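Student: everything below, folded, please.
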Amino acid sequence: METRRVADILKNGQPEETVIIKGWVRTKRELKGFAFTEVNDGSSLAGLQVVLDNEIPDYDTIIKKVNTGASIEVAGKLVPSQGKGQKIELKANSVIIYGEADLETYPLQKKRHSFEFLRTISHLRSRTNTLGAVFRVRNACATAIHQFFQEKGFMWIHSPIITASDCEGAGELFTVTNLNLNNLPKNDAGEVDYSQDFFGKPAYLTVSGQLQAEVMAMAFQNVYTFGPTFRAENSNTSRHLAEFWMVEPEMAFCDLEGDQNLAEEFLKYIFKYVLETCPEDMEFFNKWINKTVLATADNIINNEFARITYTKAVELLEKADKKFEFPVEWGIDLQSEHERYLAEELFKKPVIVSNYPKEIKAFYMRLDEGEKTVSAMDVLAPNIGEIIGGSQREERLDVLERRIQETGMESDDLWWYLDLRRYGTVPHAGFGLGFERVVQFMTGMTNIRDVIPFPRTPLNAEF
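Tutor: Below is the predicted model of the structure:
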């Protein structure tokens, strides 16, 4: 007898087939001499209804142990379902109980639990409908990302998690050290002597794999990273995580326009893939979490993104018949309320804003003619704001050295990055996508902590 996943049985199962399923009990309804249970194995939103009756061995003993949360194996025959909601159910011939669950203490009962409560039981919350759907969508989204780049001939590179450079220059870094924190070695100036540390100098958890992706793009042309990144930003908001995943493609022989084209094609591809792969889960989000989820996905897939310069965006915002909390003027960094107004109210679809003032962007972005702006771009999406940030990189050695000086960074720390401009430099561009942001956007989940299995936030590193 073949072990089958519930998703496969619900889709392809035929009456009279004999199967084995393994999973966790969601519900039990006991009647005289028989019981209905729903068993879910994580492969789909719906579970499979299992009918247990007193013909199975040790029925009286088993029925007491088949409670919500218990893990079981059921062997039996598929039969047409008499109830509403599914066409097939499993009539059990035998049941094996792997692990019981105490009904009094099992925290996931058949009622709606708040997401705040579920975060306190991250080790169990994936068994709920909502979090199960989130993580299936997350998986499909990750698969789509790899598939998109691999189909285009990009090479997946593994950028380092421990690094000596602060890519963004923001200083929000987690330090990695092997020093005894109770007895730190000091130098003559009374500062921590990092020469005695594991790497012989300060080291950090990475905030981005971009600079290392540039290294690899200078050998392989088109590459991408997809891995964890870290920000020691003390932000307790629904938009921030201290540990999150980033997708960062980098393309040699590519300019800002090529970067924008790839970003648009990329978003359309992953949304289409997820809609095709997880239709049941996406319909669940549209019904229970945010009624605009499917319309938003359709908006992404079937619309050409609007494209405007930062200067034009500021003009449009200044003319807007709306009072913003943060006043708008040329030179400011656009706030979330400005980004969402452009995408949701003005254009009613994704917008790519480009050529931002150099003062509000990173040192590595290519300086435009006139030297007031840089060849940067942000993709702004309805309901979330910025979802992708990217730029053409500064490939001219003299300009890059000047930009590093202007921003107060140490060029000695970036000697290897400058070498890329000394030896065979080329125009190149890339972008970064916060993976959790896109999963949040797809599912309509309001808190970013609910789209990653084990959220890391200030004062929270459980599990």
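
Student: the helices in this structure, which residues?
Tutor: Using DSSP state H, the helices of the chain run over residues 6-12, 59-65, 115-119, 129-151, 210-220, 256-277, 279-288, 293-302, 310-319, 336-340, 397-406, 415-422, 435-443.

Student: looking at those, which is closest to Phe347?
Tutor: Phe347 lies closest to helix 310-319 among these, at 9.3 Å (C-beta to C-beta). C-beta coordinates here come from the backbone N, C-alpha and C atoms, glycine included.

Student: same for that closest one, what does it pack against?
Tutor: Under the contact criterion of 3 or more C-beta pairs under 8 Å, 6 or more residues apart in numbering; DSSP states H and E, helix 310-319 touches strand 351-357.

Student: ok, and what's touching the strand it packs on?
Tutor: Strand 351-357 is contacted from outside by 256, 260, 263-264, 305-311, 313, 330-331, 334, 339, 342-343, 368, 372-380, using C-beta atoms under 8 Å, 6 or more residues apart in numbering.

Student: report the buried residues of stretch 118-126.
Tutor: 118-119, 121-122, 125-126 (16 or more other C-beta atoms under 10 Å).

Student: hmm, who's touching it?
Tutor: Contacts with stretch 118-126, where a contact means C-beta under 8 Å, 6+ apart, come from 42, 107-108, 128, 131-132, 135, 449-450, 453-455, 462-463.

Student: which among these end up buried?
Tutor: Neighbour-count burial within those applies to 108, 128, 131-132, 135, 449-450, 455; the criterion is 16+ other C-beta under 10 Å.

Student: relative to His146, which of the buried residues of stretch 118-126 is nearest.
Tutor: Among the buried residues of stretch 118-126, Ser126 lies closest to His146 (C-beta to C-beta), at 22.1 Å.

Student: neighbours around Ile62, how many?
Tutor: If you count neighbours by other C-beta atoms under 10 Å, Ile62 ends up with 18.

Student: next: Glu16.
Tutor: Other residues close to Glu16 by other C-beta under 10 Å number 8.

Student: report the contact partners of it.
Tutor: Neighbouring residues of Glu16 by C-beta under 8 Å, 6+ apart: 77-79.

Student: compile those residues into JSON lines and extend it with columns for distance to Ile360.
Tutor: What follows is the contacts of Glu16, written out as JSON lines (distance: C-beta to C-beta, whole Å):
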{"residue": "Lys77", "distance to Ile360": "66"}
{"residue": "Leu78", "distance to Ile360": "61"}
{"residue": "Val79", "distance to Ile360": "65"}
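
Student: name the member of those residues with the most neighbours.
Tutor: Using other C-beta under 10 Å as the neighbour definition, the contacts of Glu16 reach their maximum at Leu78, which records 19 neighbours.

Student: wait, it sits on Gly13?
Tutor: Yes: in terms of C-beta atoms under 8 Å, Leu78 counts as a neighbour of Gly13; the distance is 5.0 Å.

Student: any common contacting residues for the two?
Tutor: Taking C-beta under 8 Å, 6+ apart as the contact criterion, the residues that touch both Leu78 and Gly13 are 19, 88.

Student: residues near the spatially closest residue to Asn178 that is not a sequence neighbour, how many?
Tutor: Nearest residue to Asn178 in three dimensions, chain neighbours excluded: Phe198, at 3.8 Å (C-beta to C-beta, 6 or more residues apart in numbering). Under the neighbour criterion other C-beta under 10 Å, Phe198 is assigned a count of 12.

Student: thinking again about what came up before, quick check, nearest of the contacts of Glu16 to Ala320?
Tutor: Ala320 lies nearest to Leu78 out of these, by C-beta to C-beta, at 58.9 Å.

Student: tell me the bridge partners for that closest one.
Tutor: Leu90 (DSSP bridges).

Student: which ones are touching it?
Tutor: Contacts here follow C-beta under 8 Å, 6+ apart; on that basis Leu78 touches 9, 13-19, 88-91.

Student: just list the residues touching the residue nearest to Asn178, thanks.
Tutor: Contact analysis of Phe198 by C-beta under 8 Å, 6+ apart lists 176-178.

Student: ok, Thr225 next?
Tutor: Contacts of Thr225 were listed using C-beta under 8 Å, 6+ apart, and they are 156-159, 209-210, 212-213, 246-248.

Student: ok, for Gly42, nearest residue in space, not its chain neighbours?
Tutor: For Gly42, the nearest residue in space outside its immediate sequence neighbours is Gly132; the separation is 6.2 Å by C-beta to C-beta, 6+ apart.

Student: isn't that neighbour up against Leu45?
Tutor: Yes: contact criterion C-beta under 8 Å: Gly132 and Leu45 qualify, at 6.8 Å.

Student: tell me how many other residues surround Glu386.
Tutor: By other C-beta under 10 Å, 17 other residues sit near Glu386.

Student: any idea how far Thr225 is from it?
Tutor: Separation of Glu386 from Thr225 (C-beta to C-beta, to the nearest Å): 19 Å.

Student: give me the neighbour count for the residue nearest to Ser44 when sequence neighbours are not counted.
Tutor: The spatial neighbour of Ser44 that comes closest, neighbours along the chain excluded (C-beta to C-beta, 6+ apart), is Ala7 at 3.8 Å. Counted by other C-beta under 10 Å, the residues lying close to Ala7 total 17.

Student: just to revisit the earlier point, want to throw the helices of the chain into a markdown table with distance to Arg26 and mean pLDDT?
Tutor: Rendered in a markdown table, the data for the helices of the chain read as follows (distance: least, C-beta to C-beta, whole Å; pLDDT from 0 to 100):
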| stretch | distance to Arg26 | mean pLDDT |
| --- | --- | --- |
| helix 6-12 | 11 | 97 |
| helix 59-65 | 15 | 95 |
| helix 115-119 | 15 | 96 |
| helix 129-151 | 9 | 98 |
| helix 210-220 | 43 | 97 |
| helix 256-277 | 23 | 98 |
| helix 279-288 | 15 | 98 |
| helix 293-302 | 24 | 94 |
| helix 310-319 | 48 | 97 |
| helix 336-340 | 37 | 94 |
| helix 397-406 | 57 | 95 |
| helix 415-422 | 53 | 97 |
| helix 435-443 | 21 | 95 |
